[in-house]
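Colleague: build me a model from this:
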Amino acid sequence: MEIFSQLGTALGLASLAGINLYLTAFVAGLAIRFDWIDLAATHENLAVLGHDWVLATAGILMVVEFFSDKIPWIDSAWDALHTIVRPAGGVLLGLGALGDMDPAILAIGGLMSGGASLTMHGAKAGTRLLVNMSPEPVSNSVASVAEDGLVLGGLTLTALAPILAFFVFVILLGVALWIVKKTFGTVLAIWRNRRRTKAEKSQPV
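Modeller: This is a model prediction of the structure:
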């Protein structure tokens with residue numbers, strides 16, 4: 001069961017990093033720094049998150065993302081910039097949670113962590129594109145707060161019940177894949193429709 005515990009922690013951190021890397025790293029670092037959780041020997045590599053400079057860096061970037069994430073279109077630009085950053089961070093967090101294992105297992109774990117982060121990132125970015133196409137200005141703030149709540153809830157579940165978290169995040173990733181397919185398909189359809197409408201209006205009567 002220990003392997004499922006490690007996998008649950010790795011998958012949880014990697015997935016949540018795809019939504020908000022800095023909030024995930026900052027809260028996990030605080031939990032480690034102030035002993036809110038008992039860091040198992042297999043997770044000793046995550047102790048670096050509680051380092052002063054890591055906490056400070058994650059905290060500053062978390063504040064920047066907190067505000068950027070609530071401004072229409074700025075949030076999508078921020079997501080675009082983090083298309084590589086979030087999966088890379090997810091890989092590091094996932095590998096840290098797996099600890100010292102066979103190199104082949106770590107390689108597989110790193111690929112899975114990156115894939116989980118990228119999937120969650122894609123679901124978030126695609127959803128935000130749809131939100132930005134909506135005339136409702138409050139949608140961005142509501143979506144951002146909901147995402148932050150999901151991260152905090154996911155971190156709590158990962159810390160208290162990592163084995164359960166493994167199965168929960170497997171399901172969430174399946175949902176995220178479906179969201180990615182639907183949202184980007186819808187965004188592409190809207191974009192094509194707007195181009196068609198614009199072309200028709202530009203034609204002389």
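
Colleague: isn't Leu172 right next to Gly12, touching?
Modeller: No. Applying CB atoms under 8 Å as the test, Leu172 and Gly12 come out as separate, 9.6 Å apart. Using the backbone N, CA and C atoms, a C-beta is placed for each residue, glycine as well.

Colleague: which one's more surrounded, those two?
Modeller: Gly12 (29 against 21; other CB atoms under 10 Å).

Colleague: contacting residues around that one?
Modeller: Taking CB atoms under 8 Å, 6 or more residues apart in numbering, we find Gly12 in contact with Gly154, Leu155, Leu157, Thr158, Pro162, Ala165, Phe166, Phe169.

Colleague: nearest to Ala31, of the residues you listed?
Modeller: Closest approach to Ala31 among the contacts of Gly12 (CB to CB): Leu155, at 7.7 Å.

Colleague: specify the local secondary structure of that closest one.
Modeller: Following DSSP: H, G, I helix; E, B strand; the rest coil, we place Leu155 in the helix state.

Colleague: near it, how many residues? Count them for me, please.
Modeller: 20.

Colleague: excluding covalently adjacent residues, which one is nearest to it?
Modeller: For Leu155, the nearest residue in space outside its immediate sequence neighbours is Val27; the separation is 5.5 Å by CB to CB, 6 or more residues apart in numbering.

Colleague: let me see the confidence value for that neighbour.
Modeller: Val27 is assigned 96 on the pLDDT scale.

Colleague: if I look at it, how far off is Ile37?
Modeller: Here the criterion is CB to CB, to the nearest Å. By it, Val27 lies 11 Å from Ile37.

Colleague: tell me which of those two has more neighbours.
Modeller: Val27 (21 against 16).

Colleague: can you pull the contacts of that one?
Modeller: For Val27, the contact set (CB under 8 Å, 6+ apart) comprises Val151, Leu152, Leu155.

Colleague: biggest helix in this structure by residues?
Modeller: helix 162-202 (DSSP state H).

Colleague: pretty sure Leu106 contacts Leu98?
Modeller: Yes. Between Leu106 and Leu98 a contact is recorded at 6.1 Å, counting by CB under 8 Å.

Colleague: please identify which of the two sits among more neighbours.
Modeller: Applying other CB under 10 Å to Leu106 and Leu98 shows that Leu98 carries more neighbours, namely 24 against 15.

Colleague: ok, the more buried one touching Gly109?
Modeller: Yes. With contact defined as CB under 8 Å, Leu98 counts as touching Gly109 (4.8 Å).

Colleague: what is in contact with those two at once?
Modeller: Leu7, Ala10.
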